[in-house]
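Participant: Any chance you could fold what I've pasted below:
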Amino acid sequence: MSRFIHWYAVEQLKRMGWPKSKGVFRKESYVDTRVLDVVIELSIQVSVGLGAGRPQLGVALLADTFANNPWTKKSTANLLQDLKDAERDIESSPELSPWKALYAKHRVARFGKDVPSQFVGSEDFRGVWYMISARGIYWGLTHDRDMPQVFTKDKANYERTAAEAIPHGLAVSDSSPWSSLEEFYQTCEDLVLAFESVRPPLPREVPSALQTAPAVARRLRT
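Facilitator: Predicted coordinates:
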């Protein structure tokens, strides 16, 4: 499991005031699916940022997420190939940011307005969500040179959407949360440090087979 990604998502939901209660005696705890989708997309965006801008932390997060992997050369190659195969989702949706493209087919809002809060912690949902986050890390690791263009495009899209939303009374900032790509990377790193201040840290010594995999070794050398 991805301890960091789960912590990040739960903290984001809390900050947004979720889960909430409804029903008789307000005993039914639930999460708005649109909010949940936004939070999961944010967690994937952070994963991409760690892979692209803080590769040591990105690789540590991969090692932590797949702690039960035997990390033989074969199992590592199979895992990385699976992560790489998700590039098809990004390539087939060039109009979307990588994190949005990776999650597009898995959005929960299409199933209804809300879900029970325990759904967020369910094994099936977490398995999908953690794998997509890992694919985000790998995409960031292997496409770091594409990130300046991706960041610029996403920043412009955000500010255009915000400009359209504000006149309708939506409380959103008119500017992107990050003024530069490095500021975004630093935010991703700071989130890991915040996680490690309250949870056991990510492994800093990662398995040899992962360190020496060509796509990973290239980034760890830079």
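Participant: gap between T65 and G58?
Facilitator: 11 Å (CB to CB, to the nearest Å). The C-beta positions use only the backbone N, C-alpha and C, and glycine is treated the same way.
Participant: swap in K113?
Facilitator: For K113 relative to G58 (CB to CB), the value is 34 Å.
Participant: So for the two, which sits in the more crowded spot?
Facilitator: Neighbour count, other CB atoms under 10 Å: between K113 and G58, G58 has more, with 29 against 9.
Participant: Go ahead and confirm that one touches G51.
Facilitator: Yes: here G58 lies in contact with G51, judged by CB atoms under 8 Å, at a distance of 3.8 Å.
Participant: Need the three-state assignment for the residue positioned nearest the centre of the chain.
Facilitator: With distances taken as CA atoms, centre = their mean, I44 lies nearest the centre of the chain, 1.6 Å away. Following DSSP: H, G, I helix; E, B strand; the rest coil, the label given to I44 is helix.
Participant: OK, contacts around it?
Facilitator: 99, 102-103, 132-133, 136 (CB atoms under 8 Å, 6 or more residues apart in numbering).
Participant: re earlier: overlap of the contact sets of G58 and G51?
Facilitator: By CB under 8 Å, 6+ apart, the residues touching both G58 and G51 are 137, 140-141.
Participant: Just confirm G17 is within a helix.
Facilitator: No: G17 is assigned coil when assessed by three-state DSSP, not a helix.
Participant: all strands in the chain, in order from the N-terminus.
Facilitator: Remark: strands assigned in the chain by DSSP state E are 20-22, 28-32, 114-116.
Participant: circling back to that earlier point, export the contacts of I44 to CSV and tack on distance to E183, pLDDT and neighbour count?
Facilitator: Shown next, in CSV, are those (distance: CB to CB, whole Å; pLDDT from 0 to 100; neighbours: other CB atoms under 10 Å):
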residue, distance to E183, pLDDT, neighbour count
W99, 17, 96, 27
L102, 23, 97, 26
Y103, 23, 95, 25
I132, 24, 96, 23
S133, 21, 96, 30
G136, 19, 98, 30
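Participant: quick one: S176 from P70, how far?
Facilitator: S176 is 41 Å from P70, by CB to CB.
Participant: higher neighbour count, those two?
Facilitator: S176 (17 against 10).
Participant: got CSV for the shared contacts of G58 and G51, with pLDDT too?
Facilitator: Shown next, in CSV, are the shared contacts of G58 and G51 (pLDDT from 0 to 100):
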residue, pLDDT
I137, 98
G140, 98
L141, 97
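Participant: Out of the residues you listed, which end up buried?
Facilitator: Using 16 or more other CB atoms under 10 Å as the burial test, the shared contacts of G58 and G51 include 137, 140-141 as buried.
Participant: ok, so of those, who is nearest Y158?
Facilitator: The nearest member of the buried ones among the shared contacts of G58 and G51 to Y158, counting by CB to CB, is G140 at 18.7 Å.
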